[in-house]
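*Asks:* Provided below for reference: sequence and predicted model.
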Amino acid sequence: TKHVIKNIQWTTAKNFTVETGQQQIEELISTWDIHESWLHHSEFLEEEELKDRKQYHYRACWGIPTRRKPIPRATASVYFVIVISKFKPDTAPVEVFYRLESSRLIRRPEQCQFREKWLKDIIENKIACLERL
């Protein structure tokens with residue numbers, strides 16, 4: 001059976017604001033199949049002006065707090081970029097990309113379903129490094 005990739009309807013360039021971008025990232029995250037024990041917070045990082053586009057950078061920081069350890073030993077970040085082309089009409093939807101903190105691979109939400117395992121791997125690797133120190 002073919003796995004359905006969940007995505008959302010992204011806003012148009014002319015309706016985009018930094019706040020809308022963050023709300024839509026939260027909306028996208030809500031479509032991800034992640035256990036409820038994972039908590040995250042998202043934040044706007046910066047706006048970047050380039051010759052052919054504007055890029056808006058965000059981060060979602062993930063962890064699994066527990067009663068015994070309310071502050072997780074390690075967290076995993078997912079970095080998002082919302083791109084507004086200077087050549088496309090302002091009625092075109094924004095483009096969205098994301099990457100994991102441990103990876104240079106850039107993914108598109110409409111092409112790749114997010115996996116909880118990626119967050120687990122980052123945190124397990126960080127904890128393993130901490131224990132070696």
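*Replies:* On my side now, so go ahead. In this text, all values refer to a predicted model and were calculated from it rather than measured experimentally.
*Asks:* Give me the neighbour count for the closest residue to Glu110 other than its chain neighbours.
*Replies:* In space, Glu110 comes closest to Asn7 once its chain neighbours are excluded; the distance is 4.6 Å by Cβ to Cβ, 6 or more residues apart in numbering. For the C-beta atoms, the positions are set from N, CA and C on the backbone; glycine is no exception. Asn7 has 15 neighbouring residues, counting by other Cβ atoms under 10 Å.
*Asks:* What helix or strand is Asn7 located in?
*Replies:* Using DSSP states H and E, Asn7 sits in no helix or strand.
*Asks:* What are the neighbouring residues in contact with Tyr79?
*Replies:* Contact analysis of Tyr79 by Cβ atoms under 8 Å, 6 or more residues apart in numbering lists 45, 57-59, 98-101.
*Asks:* Let me fix that, I meant to ask about Gln9.
*Replies:* Gln9 touches Pro93, counting by Cβ under 8 Å, 6+ apart.
*Asks:* what about 10 Å?
*Replies:* Counting by Cβ atoms under 10 Å, 6 or more residues apart in numbering, Gln9 touches 24, 27, 93.
*Asks:* Buried residues of the longest helix belonging to the chain, list them for me.
*Replies:* In the chain, taking DSSP state H as the definition, the longest helix is helix 116-132. Neighbour-count burial for helix 116-132 flags 118-119, 122-123, 126 (criterion: 16 or more other Cβ atoms under 10 Å).
*Asks:* Selecting buried members of the contacts of Gln9 in PyMOL, what would you type?
*Replies:* Restricted to buried positions by 16+ other Cβ under 10 Å, the PyMOL selection for the contacts of Gln9 reads:
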select buried, resi 24
